[in-house]
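Trainee: here are the coordinates; sequence isn't available:
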């Protein structure tokens, strides 16, 4: 496994630990109110969107083939996820369970259209 | 382990698979352009923030002690994460690696203040 | 002048007064901290964006030809502007001046390409 | 009237003209699809919110007493408003009318609590 592919062997809990250890080693927990974290998720999400502004779909595709620009976008996504994991930790939420429950609810609203799945 | 605590045994890849299987069983992949997903992350992040608007810190804390309101907030967070995982899948990003690289960069900017960590 | 075209005879100050009078007649000024207002601008902006999500450009154009949908979009835009005006009032900002100064700065970065203007 | 107070003598239409003239003198109208403008309103709103992140109310108040920081915040607000006016122009919306209609609707939901007003 390439060192850059960690998702297959990293649990969500482990990833959350990486984030909270970083936060705690800087004594930043005190800033992490749920409101502040929700605001930060918004701010970082908008920075991610900014990379796609004013570009045609073709220009966006070209940007995504550029390794340096893709790395920047990966960094912006990481920021969103870091705050999402901090938020989950602060409220003792279980991310995997939250995702499953939400998809279940979505599935009741929008049933699967393919027989072979979910 | 309680059925509601899955993060300790679910890898990021497995969680991503849950999300992409849901998407593909509805033939929704075609809508998932990186730009659309970035927009959706923004929109869901703002819905999460909305729960904290116009509340004092005390009112926010009270809201978070209410199981039904907490479940709603957990649903909003799940929406953000679902789109983040869809975005990662679409661009073949490795979330765990992206988070680690971003924290490394942040760590160069803000060194740890505690000796016993990172 | 049609009753629905007011922009030509309404000053920015008058529009701001309409907004602050509404706020004050409900005793809502106390909630209008700059931080809360900035958060609300974000939230309403995302609701506006939501109308365009998952639509092709053609579907968006069709939506905008539907008077009821256009009225909804106009309502979302109004929400953004209402909070922008509340924000300006709270901080005693002059909107017109702020816009002119910002465009001047933008103009230094991006000079006009047409001879006949700005 | 101080040159920095223009809101009392500038109509919304005049402010919109300032914005569209700037846009047209750079041939930027072609980028101003409603979807792009809605995205830009989101992005700029998040930049405004960013100034308030991680600050206590006291720290935010101190920031707002600093003329340079206030000027930066005024610039961010101007960006939101510039895109709102561009959006209104693109869809031929009347801002003043939209605000009045939206407040009327809000007023039905939340009646005024003070006798002497609205």
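Mentor: Structure received. Quantities reported herein were computed from a predicted structural model and do not represent experimental measurements. Numbering: from 1, shown residues only, chains lettered A, B, ... in the order given.
Trainee: residue ranges with poor pLDDT in chain A?
Mentor: Applying pLDDT under 70 to chain A picks out residues A:1-3, A:115-118.
Trainee: Which residue lies nearest the spatial centre of it?
Mentor: Nearest to the mean C-alpha position of chain A, by Cα atoms, centre = their mean, lies residue A:81 at 3.1 Å.
Trainee: okay, the angle between the helix or strand hosting that residue and helix B:67-90?
Mentor: Under the criterion DSSP states H and E, the helix or strand holding residue A:81 is helix A:67-90. Calculated by axes from the mean of the first three to the mean of the last three Cα atoms, to 10 degrees, helix A:67-90 forms an angle of 160 degrees with helix B:67-90.
Trainee: buried set for helix A:67-90?
Mentor: Buried positions in helix A:67-90, judged by neighbour count with 16 or more other Cβ atoms under 10 Å in any protein chain shown: A:70, A:73-90. All C-beta atoms are positioned from the backbone trio N, CA, C, and that covers glycine.
Trainee: helices and strands around it, which ones?
Mentor: helix A:12-24, helix A:34-50, helix A:57-65, helix A:95-109, helix B:34-50, helix B:67-90, helix B:95-109 (3 or more Cβ pairs under 8 Å, 6 or more residues apart in numbering or on different chains; DSSP states H and E).
Trainee: For residue B:12, find the nearest of those helices.
Mentor: helix B:95-109 (5.2 Å; Cβ to Cβ).
Trainee: same for that closest one, what does it pack against?
Mentor: Applying 3+ Cβ pairs under 8 Å, 6+ apart, one finds that helix B:95-109 contacts helix A:12-24, helix A:67-90, helix B:12-24, helix B:67-90.
Trainee: 7 Å instead, please
Mentor: helix A:12-24, helix A:67-90 (3 or more Cβ pairs under 7 Å, 6 or more residues apart in numbering or on different chains; DSSP states H and E).
Trainee: So which of these is nearest residue D:104?
Mentor: helix A:67-90 (37.0 Å).
Trainee: neighbouring contacts of the closest one?
Mentor: With contacts defined as Cβ atoms under 7 Å, 6 or more residues apart in numbering or on different chains, helix A:67-90 is touched by A:15-16, A:19-20, A:23, A:32, A:34, A:37-38, A:40-41, A:44-45, A:47-48, A:51, A:63-64, A:95, B:41, B:77, B:80-81, B:84, B:87-88, B:93, B:95, B:98-99, B:102.
Trainee: In chain A, what residue comes closest to chain C?
Mentor: Nearest residue of chain A to chain C, counting by Cβ to the nearest Cβ: residue A:42, 5.5 Å away.
Trainee: Contacts only, for the one residue in chain A that gets nearest to chain D.
Mentor: Ranked by Cβ to the nearest Cβ, the top residue of chain A for proximity to chain D is residue A:46, at 3.3 Å. Contacts for residue A:46 (Cβ under 7 Å, 6+ apart) come out as B:42, D:42, D:43, D:46.
Trainee: same question, residue A:4
Mentor: Going by Cβ under 7 Å, 6+ apart, residue A:4 touches B:94, B:97.
Trainee: Could you grab the helix/strand/coil label for it?
Mentor: Under the three-state scheme (DSSP: H, G, I helix; E, B strand; the rest coil), residue A:4 adopts coil.
Trainee: Can you tell me how far it is from residue A:74?
Mentor: 10 Å (Cβ to Cβ, to the nearest Å).
Trainee: likewise residue A:26?
Mentor: Noted for residue A:26: a distance of 22 Å to residue A:74, by Cβ to Cβ.
Trainee: just residue A:61 next, same as before
Mentor: 16 Å.
Trainee: TSV please, covering the contacts of residue A:46 and showing distance to residue D:108.
Mentor: Listed next are those as TSV, based on distance: Cβ to Cβ, whole Å:
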residue	distance to residue D:108
B:42	30
D:42	28
D:43	32
D:46	31
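Trainee: Which single one of the residues you listed is nearest to chain A?
Mentor: Set against chain A, the nearest of the contacts of residue A:46 by Cβ to the nearest Cβ is residue D:46 (3.3 Å).
Trainee: Excluding covalently adjacent residues, which one is nearest to the closest one?
Mentor: Nearest non-adjacent residue to residue D:46, counting by Cβ to Cβ, 6 or more residues apart in numbering or on different chains: residue A:46, 3.3 Å away.
Trainee: Also residue A:12?
Mentor: In space, and not counting its chain neighbours, residue A:12 is closest to residue B:7: 4.1 Å by Cβ to Cβ, 6+ apart.
Trainee: Share the number of residues neighbouring residue A:19, please.
Mentor: Residue A:19 has 22 neighbouring residues, counting by other Cβ atoms under 10 Å in any protein chain shown.
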